[in-house]
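1. Sequence first, then the predicted structure:
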Amino acid sequence: MKEHKESEPLSEWLAQVISSSGSNRLSAMDERTESLLRQRTYELEERSRELDFLYGMVKAIERPEAQLNEKLADTVTMMPQAWMNPQLVHVRLTSDEANFATEGFRELPIKHIAQIRVRGKPWGRLEVHGSERGLLNQHKQNLVDEVSERLGLLIEKDWTLAELLENQRFIVNVTDASPNIIYIFDLVEQRNVYVSSPIEKVLGYEPSEIESMGPNFLAMLLHPEDLERVPRLLKRWDSVDDSDVLTVEYRMKARDGSWRWFMARDKVFKRGHGGEVTQIVGTAQDITDRVNSERESRDLTARAQEAQKLESLGVMAGGIAHDFNNLLTSVLGNADLIMRTLSKESSVRLYVEEIIRASRRGADLCNQMLAYAGKGQVELTRFNVSEVLAEMSNILGVSISKKVRMNATIDPDLPLIQADATQIRQIIMNLITNASEAMGDQAGEIKLSTGVRSIDRNVLLPNETEVEPGEFVWLSVSDTGEGMDEKTLNRIFDPFFTTKFTGRGLGLAAVMGIVRAHGGFIRIESSPGKGSVFSVFFPVCDDQEVEDGTAGEQEAMIRGTGTILLVDDEESVRGITRLLLERIGFNVIEACDGSEAIDLFRAHHRELAILFLDWTMPNLDGADALRELKRISDDVPIVIMSGYTEGEVTRQLGAHVVASYLQKPFRLSTLEQVIKSVWVPG
């Protein structure tokens, strides 16, 4: 018997088998049985065609590279192959989005239409038209319905895939557009499962590099101080709800070696079978600029508070110095009177001279306090700092410990600065003394050096806006002492702060006040165990011609006549000044405040030779009194007396002109010089 080939129609093969069996057999076969056999054979062939079609359809619609319309068109084209006579069948698929039909499609009266539904809603319809009634029996109608249902599922799948791709693009675009880093972190494996691309801009690493670091990620990039907190932070995930958001700030190391601050907000992303959190999703915001800004704001606030504190202490120091100068005026005045009455051979002169020397040292202390308050007495001259150091060499040598060796590298050809030489000597002495005491009882070395340097704005600190860039003479004092830590450095110029024994501490604060008053600045380099270097910078003056300092104090006594109005709220100052003036030869009228001075001046101004007016008094001070006195008469020379500097008083005088200024404390010889400069004998 002939074998059946897969490509050969089953009906044709069966007909050949029957015909080859011989006529004698055929005659014996019941015609009804033959008809049934042929019918079943036809049905088997038709089912075979349907299966071939369905198999081809599945292969067509499962092609990943094919588009939806291509799959729909292929299905329409292949569908007639499910019939024994494909040429008698016409197929069409129609919808608002697609329209496909077999070649030579015709609408015929015998047809079956199946609706294609997608997600429960009509999308289109699948039409099959036939030229013979038997072509669209119930079985074929069921086939058409099944194909339409499969096409609906195909379209829904395509839509779902497109939506997933769209959502994925949306998520990628959002994460890429966000300035924050978005990540998924596996708590079990201690690694990043996903990291968004902004991490490359912030830290310099590609997302794939971060993900490939695996469990080493934290150890490689997290700041050591923050790494210590990791166990405690991970413990928090043991008791959180899915809706909880946990926040933490930390530092991470960028590719360039810098540290960036981040604020992370994390939520539960995945839990294990036992309900434990296995993965978290979060965002990391780069807050480096904010952290730096907050730090700068805190620093500015601290500096502002420091400035307010220094200003308050300055006011207090100025007030103390002013009152102390009033006391010293009485001491020096009485000492001068005693000296004028003693013979040159008197043994008492030695004691009085010691009183005068102690008073002058007290006056120097007042000047330190006034310098700190920014109201110090400044006598500006032009000089070479190296020459001042040379003059001080002997006193500097005896001011340091015998165990300390001092070396100097001095530039003798420094340009001149304009400054108060006494205050510069005070700075040098303070720095040398501090350097010596920094070494305690240990042997060490102090290096003293000078030079000149050009300073631009980049070298200056933000709080040194009053310093003008240009050429600066520098004076440096270094030691091999124990050095200072950052905390000490931050307070080194605080008044009364000291690392020495109790009772010291205004020195460096006064140094800072003096340097700033001269338009200069200070730099300090120090660390524990490595000693300290103090460098003081003073601006070079424009005029480089050395001043003649030979003019001495005139000691010649004068003999006065006439009446002087003396105004001062301190009784001791009035008392000694009256005695000094009477010794010179003047009659003295006293007033204890501005109001009394105005009344006495109104009554006696025509007979007055000079008016001595204290500048700082209660009730009506010198400034207010001066305005009223000038209105009464402008013919009497007025001398201002004050414990503050002439520059400070001059600033307050404004447009008013006075004859002279007398700085407290003063000696009899200074008083005589002032009188000689303003008094016109009548």
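-> Looks like it arrived, so ask away. Values in this document were obtained by computation on a predicted structure and should not be read as measured data.
2. Give the other helices and strands that the helix ranked longest in the chain contacts.
-> Ranked by number of residues, the top helix in the chain under DSSP state H is helix 288-341. Of the remaining helices and strands, those touching helix 288-341 by 3 or more Cβ pairs under 8 Å, 6 or more residues apart in numbering; DSSP states H and E are strand 259-271, helix 348-372, helix 571-584, helix 668-678. In this view, the C-beta of every residue, glycine as well, is placed from N, C-alpha and C.
3. what pLDDT, on average, does the third one get?
-> What it means is helix 571-584. Averaging pLDDT along helix 571-584 gives 91.
4. I'd like the next helix or strand past that helix.
-> Downstream of helix 571-584, the next assigned helix or strand under DSSP states H and E is strand 587-591.
5. what does that following strand contact?
-> Strand 587-591 has contacts (Cβ atoms under 8 Å, 6 or more residues apart in numbering) with 562-567, 574, 578, 581-582, 597, 599-600, 604.
6. ok, it: who's next to it in the sheet?
-> Strands adjacent to strand 587-591 in the sheet, as given by DSSP bridges, are strand 563-567 (parallel).
7. buried residues in the partner strand?
-> Ile564, Leu565, Leu566, Val567 (16 or more other Cβ atoms under 10 Å).
8. Relative to Gly214, which of those residues is nearest.
-> Val567 (87.4 Å; Cβ to Cβ).
9. Surely the closest one touches Leu608?
-> No. Using Cβ atoms under 8 Å as the test, Val567 is too far from Leu608 to be in contact (11.5 Å).
10. quick check, distance from the longest helix of the chain to the centre of its chain.
-> 31 Å (Cα atoms, centre = their mean, to the nearest Å).
11. Use 4 as the first number for this chain going forward.
-> Yep, numbering from 4; the last one is helix 291-344 now.
12. Rounded mean pLDDT for it, please.
-> 81.
13. and the angle for that helix with strand 262-274?
-> 140 degrees (axes from the mean of the first three to the mean of the last three Cα atoms, to 10 degrees).
14. before we move on, the earlier item: tell me which two in the contacts of strand 590-594 are the farthest apart.
-> It's Glu585 and Asp602 that sit farthest apart of the contacts of strand 590-594, by Cβ to Cβ, at 22.3 Å.
15. Would you verify that Ile430 is located in a helix?
-> Yes. Assessed by DSSP: H, G, I helix; E, B strand; the rest coil, Ile430 belongs to a helix.
16. so it makes contact with Ser538?
-> No. Using Cβ under 8 Å, Ile430 is not in contact with Ser538, being 11.7 Å away.
17. Common neighbours of these two, please.
-> Leu478.
18. So for these two, which residue has more residues nearby?
-> Ile430 (27 against 18; other Cβ atoms under 10 Å).
19. burial measure for His142, as a count.
-> Look at His142: counted by other Cβ under 10 Å, it has 11 neighbours.
20. From Glu53, how far out is it?
-> 9 Å (Cβ to Cβ, to the nearest Å).
21. Equivalent analysis for Arg194, please.
-> Taken as Cβ to Cβ, the span from Arg194 to Glu53 is 53 Å.
22. Give me the most central residue, the chain.
-> Asn295 (2.2 Å; Cα atoms, centre = their mean).
23. just for the stretch 504-653 of the chain, where's the confidence low?
-> Scanning the stretch 504-653 of the chain for pLDDT under 70 picks out 504-510, 549-560.
24. cool, the stretch 354-503 of the chain as well?
-> Those would be 367, 371-382, 498-503, if you go by pLDDT under 70 across the stretch 354-503 of the chain.
25. how about the helices of it, start to end?
-> 388-394, 396-402, 424-441, 489-494 (DSSP state H, counting those that start in this stretch).
26. which other residues reach the second one?
-> Looking back up the chat, that one is helix 396-402. Leu392, Met409, Ala411, Ile431, Met432, Ile435, Thr436, Ser439, Leu451.
27. Mind listing what's buried along it?
-> Leu399.
28. quick revisit: quick one: buried ones out of the contacts of helix 396-402?
-> Buried residues within those, counting neighbours by 16+ other Cβ under 10 Å: Leu392, Met409, Ile431, Met432, Ile435, Thr436, Ser439, Leu451.
29. Might you report the residue contacts of the nearest residue to the first one once chain neighbours are set aside?
-> I take that to be Leu392. For Leu392, ignoring the flanking residues on the chain, the nearest one in space by Cβ to Cβ, 6 or more residues apart in numbering is Ile413 at 6.0 Å. By Cβ under 8 Å, 6+ apart, the contact list for Ile413 reads Ser389, Leu392, Ala393, Leu451, Ser452, Thr453.
30. What of Ala612?
-> Gly563, Thr564, Gly565, Thr566, Ile567, Phe589, Val639, Pro640, Trp682, Gly685.
31. one more time with 10 Å, if that's ok
-> By Cβ atoms under 10 Å, 6 or more residues apart in numbering, Ala612 lies in contact with 563-568, 589-590, 639-640, 678, 681-685.
32. Which of those residues lies at the shortest distance from His325?
-> Out of the contacts of Ala612, the member with the shortest distance to His325 (by Cβ to Cβ) is Leu568, at 21.9 Å.
33. Settle this for me: that closest one is touching Ile613, isn't it.
-> Yes. Look at Leu568 against Ile613 with Cβ atoms under 10 Å: they come within range, at 7.8 Å.
34. Overlap in contacts, the two.
-> With Cβ under 10 Å, 6+ apart, Leu568 and Ile613 have common neighbours Val639, Ile641.
35. where does the stretch 154-303 of the chain have low pLDDT?
-> Along the stretch 154-303 of the chain, segments meeting pLDDT under 70 are nowhere present.
36. what ranges do the helices span in it?
-> 201-206, 210-215, 220-224, 227-230, 233-238, 291-344.
37. Throw the ones you listed into CSV and include distance to Leu47, thanks.
-> Below are the helices of the stretch 154-303 of the chain laid out as CSV (distance: least, Cβ to Cβ, whole Å):
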stretch, distance to Leu47
helix 201-206, 65
helix 210-215, 58
helix 220-224, 65
helix 227-230, 75
helix 233-238, 68
helix 291-344, 78
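38. among the ones you listed, which is nearest His93?
-> Using Cβ to Cβ, the helices of the stretch 154-303 of the chain put helix 210-215 closest to His93, at 55.1 Å.
39. still on that earlier bit, selecting buried members of the contacts of Ala612 in ChimeraX, what would you type?
-> Selection of buried members from the contacts of Ala612 for ChimeraX, criterion 16+ other Cβ under 10 Å:
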select :563,567,568,589,639,640,678,681,682
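40. Double-check that Lys62 belongs to a helix.
-> Yes. Counting by three-state DSSP, one finds Lys62 located in a helix.
41. any idea how far Met81 is from it?
-> 10 Å.
42. These two - which one has more neighbours?
-> Using other Cβ under 10 Å, the more surrounded residue of Lys62 and Met81 is Met81, with 19 against 11.
43. The more buried one: helix or strand, and which one exactly?
-> Residue-wise, Met81 maps onto helix 71-81 under DSSP H and E.
44. could you dump that helix to PDB, C-alpha only?
-> Output of helix 71-81 as PDB, limited to C-alpha atoms (Å, rounded to 0.1, in the frame of the first residue of the first chain):
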ATOM      1  CA  LEU A  71       1.400  44.600  15.200                       C
ATOM      2  CA  ASN A  72       0.000  45.600  11.800                       C
ATOM      3  CA  GLU A  73       2.400  43.200  10.100                       C
ATOM      4  CA  LYS A  74       1.100  40.400  12.300                       C
ATOM      5  CA  LEU A  75      -2.500  41.300  11.600                       C
ATOM      6  CA  ALA A  76      -1.900  41.400   7.900                       C
ATOM      7  CA  ASP A  77      -0.200  38.000   7.900                       C
ATOM      8  CA  THR A  78      -3.100  36.500   9.800                       C
ATOM      9  CA  VAL A  79      -5.600  37.800   7.300                       C
ATOM     10  CA  THR A  80      -3.500  36.500   4.400                       C
ATOM     11  CA  MET A  81      -3.000  33.100   5.900                       C
END
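45. Quick check: Gly563 is in a helix.
-> No. According to three-state DSSP, Gly563 belongs to no helix; its state is coil.
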